[in-house]
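Participant: Here is my input; please provide its structure:
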Amino acid sequence: MTDNIQSNNHGFTPDEAETLPVIEVLDEDNRLRSQYVDQVHDCLDEDDNEQIYRLVQPLHTADIADLFELTPRDDRGKLALALGDLMSADVLAEINDYVREDIIDALPAGQVADLAAQLETDDAVAIIEDLEEDEQRAVLDILGPEDRAAIENALSYPEESAGRIMQRDLVAAPETMTVGQLIDYLRVRSDLTTEFWEVFIVDPHYKPIGTCQLSWILRTPRSIPLGDVMKRDQSLIPVDLDQEEVALRFQKYSLISAAVVDDEGRLVGVITADDIAHIISEEAGEDILRLSGAGEGDINEPIIDSYKARVRWLVANLGTAMIASFIIAQFGAAISSMVALAVLMPIVASIGGNAGTQTLAVTVRALATNQLTQSNTIWAIKRELYVALSMGVSIAIIAGLGAGYFFTNPILGAVIAAAILCNIVIAGMSGVIIPVILDRLDQDPAVSSSIFVTMITDSMGFLLFLGLAVASNIV
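Facilitator: Predicted coordinates:
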């Protein structure tokens, strides 16, 4: 696709094509140009739906989704209605969750149902699960019996589980069927899914016993039974397994697709790599945002939701900061008699905080990717202890020499060196032990670990530095 709309008429008559504006749509980074977006918005303000349709028709579905996200919230429903048949299921599946809610609220239930019916079950569920209960029922009542049953079944599983993200459309065959019979079956049955990478081989109870890749089927003589060419070793995904664990299995075993089974081991769906790519990105982003206490971290999130998600962590930080302030207050006389203490205090706390954050990020990632388990926890703690000691010695020497020279006080340099060394070691230990403890207690270590680590590094940093200063009689 080129950067100019006029490169392809996309079904317009010559006269209609001549009326299209000559405007560059995408920039060098493959993003919608601001001039193009402004022109669409101007047409929205003028209620020129015909021109909006002409401007948007040449875009890829992903670019249309981007256009919605760049459109003010109050105008998104209006844009969806103006696009008519361009507001396809594929576009809806590409759109950010918060933006999708704005669009669905503006569309009639019948159109939402039509769009949901065109999607894979997992994408349809992602659309319907965010609706209010009465809106869900209105949409489900319009859907056909099969689509409604599939979506209701998916909604019965826990959120972010394999049952929510799996697809129901798959190809399964008995092991007694020959390759030739399978090929003929695939050609005759027009109701089968057209997008799949492997055929699941099942027993009479519909329990998966193996898989056949399409490449094997195409290269095997027609008379060979599927049972002779299938791969019996396969990764089966329990229907209630958390989506993050599903993603880890795909990553560990390099899966393209995997069968999903119910509690009795029967085949109920399939999860494919394209579904997992989104999950991996989503889960990684969630962990980073949780570490910072930023909530969902989506710029399309309503302001009130962002406020609620963030303010509670700032309140918690206020509480931990008051603890550090209380410690400082206990050494008020020492600080007032030696200004250098006040100058150097933030260095000790800041260095410790950064060291703790580094260790915390490594530990949370290791827990999320199953690199850190009960079997290697002690080894991980020892490793971080050695790393912390190495960093502490290096930073302590630099800071100690610098402070001793600047303030012409070797004892002060030794005090800050000792305080930094101890605080970095404490930061390293807390950065690994706290998330491990939270994980063992079945709490998300990404959510609250940073609060505890910050409190420890700040409080201990001030206590160590000021305590050592008083003990050394330099004040």
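Participant: what's in contact with the helix or strand A93 falls within?
Facilitator: Using DSSP states H and E, the element containing A93 is helix 89-94. Outside helix 89-94, the residues that touch it by Cβ atoms under 8 Å, 6 or more residues apart in numbering are 61-62, 64-65, 68, 100, 103-104, 115-116, 118-119, 123, 126-127. In this view, the C-beta of every residue, glycine as well, is placed from N, C-alpha and C.
Participant: buried residues in that helix?
Facilitator: For helix 89-94, the buried set under the neighbour-count rule, 16 or more other Cβ atoms under 10 Å, comprises 89, 91-94.
Participant: circling back to that earlier point, which members of the contacts of helix 89-94 are classed as buried?
Facilitator: Applying a neighbour-count criterion of 16+ other Cβ under 10 Å, the buried members of these are 61, 64-65, 68, 100, 103-104, 115-116, 119, 123, 126-127.
Participant: With secondary structure, distance to G461 and pLDDT as added columns, please give those in JSON lines.
Facilitator: Formatted as JSON lines, these follow (DSSP: H, G, I helix; E, B strand; the rest coil; distance: Cβ to Cβ, whole Å; pLDDT from 0 to 100):
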{"residue": "T61", "secondary structure": "helix", "distance to G461": "52", "pLDDT": "89"}
{"residue": "I64", "secondary structure": "helix", "distance to G461": "52", "pLDDT": "93"}
{"residue": "A65", "secondary structure": "helix", "distance to G461": "47", "pLDDT": "90"}
{"residue": "F68", "secondary structure": "helix", "distance to G461": "48", "pLDDT": "92"}
{"residue": "R100", "secondary structure": "helix", "distance to G461": "46", "pLDDT": "84"}
{"residue": "I103", "secondary structure": "helix", "distance to G461": "50", "pLDDT": "85"}
{"residue": "I104", "secondary structure": "helix", "distance to G461": "50", "pLDDT": "82"}
{"residue": "L115", "secondary structure": "helix", "distance to G461": "56", "pLDDT": "82"}
{"residue": "A116", "secondary structure": "helix", "distance to G461": "55", "pLDDT": "81"}
{"residue": "L119", "secondary structure": "coil", "distance to G461": "53", "pLDDT": "79"}
{"residue": "D123", "secondary structure": "helix", "distance to G461": "50", "pLDDT": "78"}
{"residue": "A126", "secondary structure": "helix", "distance to G461": "45", "pLDDT": "78"}
{"residue": "I127", "secondary structure": "helix", "distance to G461": "49", "pLDDT": "79"}
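Participant: which of those lies closest to S430?
Facilitator: Of all the buried ones among the contacts of helix 89-94, S430 sits closest to A126, with 38.2 Å by Cβ to Cβ.
Participant: need the strands for the protein, in chain order.
Facilitator: Ranges of strands in the chain, per DSSP state E, are 172-174, 198-202, 208-213, 236-238, 257-261, 267-272.
Participant: who does the last one touch, helix- and strand-wise?
Facilitator: Strand 267-272 sits against helix 162-165, strand 198-202, strand 257-261, with contacts defined as 3 or more Cβ pairs under 8 Å, 6 or more residues apart in numbering; DSSP states H and E.
Participant: Please report how far the residue nearest to I104 when sequence neighbours are not counted lies from V348.
Facilitator: Among residues not flanking I104 along the chain, V112 sits closest, at 5.7 Å (Cβ to Cβ, 6 or more residues apart in numbering). The spacing between V112 and V348, counted by Cβ to Cβ, to the nearest Å, is 58 Å.
Participant: and the chain, what are its domains?
Facilitator: The record's domain split for the chain, according to automatic domain parsing, is 5-161, 172-272, 303-471.
Participant: Please identify the most buried of those.
Facilitator: domain 303-471 (a mean of 18; mean count of other Cβ atoms under 10 Å).
Participant: first to last residue in that domain, what's the distance?
Facilitator: Using Cα to Cα, to the nearest Å, the end-to-end distance of domain 303-471 comes to 50 Å.
Participant: from the chain's centre, how far out does it sit?
Facilitator: 28 Å (Cα atoms, centre = their mean, to the nearest Å).
Participant: same question, stretch 116-125
Facilitator: 20 Å.
Participant: what's the answer for stretch 84-101, then?
Facilitator: Using Cα atoms, centre = their mean, the offset of stretch 84-101 from its chain centre is 19 Å.
Participant: Kindly report the same for stretch 54-63.
Facilitator: Taking mean C-alpha positions (Cα atoms, centre = their mean), stretch 54-63 and its chain are 27 Å apart.
Participant: Please put the alpha-carbon coordinates of that stretch into CSV.
Facilitator: Taking C-alpha atoms only, stretch 54-63 is exported to CSV below (Å, rounded to 0.1, in the frame of the first residue of the first chain):
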residue,chain,number,x,y,z
ARG,A,54,-14.6,7.8,0.7
LEU,A,55,-11.7,8.9,2.8
VAL,A,56,-11.7,5.8,5.0
GLN,A,57,-12.6,3.1,2.4
PRO,A,58,-9.0,2.6,1.1
LEU,A,59,-7.6,2.0,4.6
HIS,A,60,-6.5,-1.4,6.1
THR,A,61,-8.7,-2.6,9.0
ALA,A,62,-5.8,-1.9,11.4
ASP,A,63,-5.5,1.7,10.2
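Participant: hmm, back to that, contacting residues around the residue nearest to I104?
Facilitator: 104, 127, 139.
Participant: go on, L438?
Facilitator: 444-445, 448-449.
Participant: Make a markdown table out of these and add pLDDT and distance to W216.
Facilitator: Listed next are the contacts of L438 as a markdown table, based on pLDDT from 0 to 100; distance: Cβ to Cβ, whole Å:
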| residue | pLDDT | distance to W216 |
| --- | --- | --- |
| D444 | 78 | 42 |
| P445 | 83 | 43 |
| S448 | 71 | 49 |
| S449 | 81 | 47 |
